[in-house]
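Q: Here is my input, please return the structure:
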Amino acid sequence: MSQENDTTVRSVERALRIVEQLKILEQAGVTELAEATDIPPSTVHNYLQTFKQREYVKKNGGEYELANRFIHIGDFAKHRLPIYRVGKPNLVWLADETGQTANLVVEEYNRAIYLMSENRQQNLRNYSHIRRREYLHTTAVGKAILMMMTEDEIHDVIESEGLVEQASNTITSRDELLDDIRQARDRGYAINDEENTDGIFAVGAPIENPEGSYAALSVSGLVSRHSLEDIHQKLAPRVQEAAKAIEVELRT
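A: Model prediction:
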């Protein structure tokens, strides 16, 4: 029985690795997926044929990609969350009001999961759409979530995920991160100063969620177009205002 359980778990784990790599690569052939997942090509091929038969992947020429069937699963997961339903109009308002990209996230397994994003900046790629599960220490929304945690909880996050360097200004020191979080608590919002993506800043505010899961929102934009005075005096108050509006609606 134990051996069967181990085999079943290993099979599921392999299937998920293939799905995750297809999301990252967008399109890939059997050989490329085998190399990325460290799974034998013949085994990858068998999984892909099963996914295709169940309409979870599509084949274009010699390459595979995720099918739209995954949209229904993702939509179900998002729409069951009250914060998604309440957050959307407030996120649209925040994006319109600031002219920036507005993001709403929740924390899950010590990472930031992007629920939605509204982009009002032409010529700026919407990075939240290509993110998977962001480290909390590299983003304004992630640090806004850390603001709500106890110091022990923050230490647990660091032990679990590390302080991976994502950009030129990423905080990789535990003491520096704790000091940054303390400053964020004092002012009521967190700043990402090119810590996740070079050339991009963000301002994030925490959202008290009655459901218990941590949540936050942010606006992000090009560093070259905004002064520090703009970020602190103009954008941060709008982010806090939107966060408070979501909190009020979640409690009603």
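Q: what about the spatially closest residue to G99 that is not a sequence neighbour, distance to D179?
A: Spatially, and ignoring its direct neighbours in sequence, G99 is nearest to R120 (5.0 Å; Cβ to Cβ, 6 or more residues apart in numbering). For the C-beta atoms, the positions are set from N, CA and C on the backbone; glycine is no exception. Going from R120 to D179 by Cβ to Cβ, to the nearest Å gives 33 Å.
Q: same check, this time on Q100
A: Counting by Cβ to Cβ - Q100 and D179 are separated by 27 Å.
Q: OK, contacts around N90?
A: N90 makes contacts with 217, 242, 245-246, 249, as judged by Cβ atoms under 8 Å, 6 or more residues apart in numbering.
Q: and it, helix, strand or coil?
A: Following DSSP: H, G, I helix; E, B strand; the rest coil, we place N90 in the helix state.
Q: Compare neighbour counts for R120 and D179 and give me the winner.
A: R120 (17 against 12; other Cβ atoms under 10 Å).
Q: I'd assumed W93 was in contact with the residue nearest to G99.
A: No. At 11.3 Å, R120 does not count as touching W93 under the criterion of Cβ atoms under 8 Å.
Q: Please enumerate the helices of the stretch 101-250 of the chain.
A: 140-147, 151-161, 174-187, 228-230, 236-251 (DSSP state H, counting those that start in this stretch).
Q: Redo those as CSV? Include mean pLDDT and distance to N196.
A: Below are those laid out as CSV (pLDDT from 0 to 100; distance: least, Cβ to Cβ, whole Å):
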stretch, mean pLDDT, distance to N196
helix 140-147, 97, 8
helix 151-161, 96, 14
helix 174-187, 97, 14
helix 228-230, 88, 18
helix 236-251, 96, 16
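Q: count of neighbours near E208?
A: Neighbour number of E208 under other Cβ under 10 Å is 13.
Q: Now for it: which residues touch it?
A: When contacts are counted by Cβ under 8 Å, 6+ apart, E208 touches 148, 247, 250.
Q: does the first one really touch N209, like I thought?
A: No. Using Cβ under 8 Å, M148 is not in contact with N209, being 9.3 Å away.
Q: okay, these two: which has more neighbours?
A: N209 (21 against 17).
Q: Leaving out chain neighbours, which residue sits closest to the more buried one?
A: Leaving aside its sequence neighbours, N209 sits nearest to A215 (Cβ to Cβ, 6+ apart; 4.6 Å).
Q: pLDDT value on the one you found, please?
A: Per-residue pLDDT puts A215 at 96.
Q: check contacts around it.
A: Per Cβ under 8 Å, 6+ apart, neighbours of A215: 83, 104-107, 145, 206-207, 209, 246.
Q: nearest to Q233, of these?
A: Nearest to Q233 among the contacts of A215 is P206, at 19.7 Å by Cβ to Cβ.
Q: residues contacting that closest one?
A: With the criterion set at Cβ under 8 Å, 6+ apart, P206 makes contact with 144-145, 147-148, 214-216, 243.
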